[in-house]
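Enquirer: Provide a 3D model corresponding to the input given below.
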Amino acid sequence: MIGIIDYDAGNIKSVEKALLHLGETPVVTREPKELLAADKVILPGVGSFGDAMGKLREYGLISVIHEIVDRGTPFLGICLGLQLLFESSQESEGVEGLGILKGRVLRLLHQDGLKIPHMGWNSLELKNGGRLFAGVPEQTYVYFVHSYYLEAEDPAIVKATTQYGVEIHASVEQGNVFACQFHPEKSGSWGLKMLENFAKLDGGC
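Expert: Numbers count the residues shown, from 1 in each chain. Have a look, this model is predicted:
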C-alpha cells in the first residue's frame, strides 16, 4: 500500500490516479497509523511553503513524516513536497521546513524570455544513478510548475537537473528519501515509469 499524505495541498488526485493506472493501491490519508503502516509514502504538494508547513503542523504530521523516514520507508516528495523536505524557503522567510535534507530553496529570478512561474516541459540531465530513473532515457522531458527551485547542499544527492535561467536540482535521492521538483504524474509515460520505479522499491531501500 502506498500512502499519499492528505494535507490540503493540491495535486493529490492526479498522483492517486497515476498510481491506480499502474495497478498500485494508494490510500489518501492524514491518519498517522495508516501512514506509518504504508509500504511507501508520497508527499505531494502545490501551493506556498509556509501554508503547507502550517497544515502539516495543524494535522500533526511533522513528527509522523520524520518517523516514516527514520523507519526506512521509501518516501517521495513531489513539487512543493520536495521543497518541504529542506530546512527553509525564500518563499516563506522564518518558516522552518522538515529539515530532512540540506539545501536552499530559492526564488526563480525574472530574466529575458523566461516567465515566472516556470510552467511547462523541460528536459532532464540525469546524474549519479538515481533509482527513480532506471530505464528512463537521458534528456527525457517532464512537466514543471514552480516559482522556487532547489539548490541542494550535497551534489551527490542530486539525481537530475534542468535549466531555466539557472541550474535547477530537479530530483534528489538520499537513502530512502526521494524527491522531484517536477510532476511525474503529469509527465506522460516516462513520468509513470518513475512512479513505477518508486512503487517497486524494496521496503528497506
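Enquirer: now name the helix or strand holding residue 18.
Expert: Using DSSP states H and E, residue 18 maps to helix 12-21.
Enquirer: ok, residue 194 next?
Expert: Per DSSP H and E: helix 188-199 holds residue 194.
Enquirer: any buried residues in that helix, and which?
Expert: 190-199 (16 or more other C-beta atoms under 10 Å). Placement of C-beta: from N, CA and C, glycine included.
Enquirer: over to stretch 103-120?
Expert: Those would be 103-105, 108, 118, for stretch 103-120 by 16+ other C-beta under 10 Å.
Enquirer: for that stretch, list the C-alpha coordinates in CSV.
Expert: Taking C-alpha atoms only, stretch 103-120 is exported to CSV below (Å, rounded to 0.1, in the frame of the first residue of the first chain):
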residue,chain,number,x,y,z
GLY,A,103,19.9,22.8,0.8
ARG,A,104,18.4,26.1,-0.2
VAL,A,105,15.0,26.7,-1.8
LEU,A,106,15.5,29.9,-3.8
ARG,A,107,13.2,32.2,-5.8
LEU,A,108,13.5,32.0,-9.6
LEU,A,109,14.5,35.4,-10.9
HIS,A,110,12.9,37.1,-13.9
GLN,A,111,15.1,37.0,-16.9
ASP,A,112,14.5,38.0,-20.6
GLY,A,113,12.3,35.5,-22.2
LEU,A,114,11.6,33.4,-19.1
LYS,A,115,8.3,33.6,-17.4
ILE,A,116,7.7,33.1,-13.7
PRO,A,117,6.3,30.7,-12.6
HIS,A,118,8.2,28.2,-14.7
MET,A,119,5.3,26.3,-16.2
GLY,A,120,5.9,23.7,-18.9
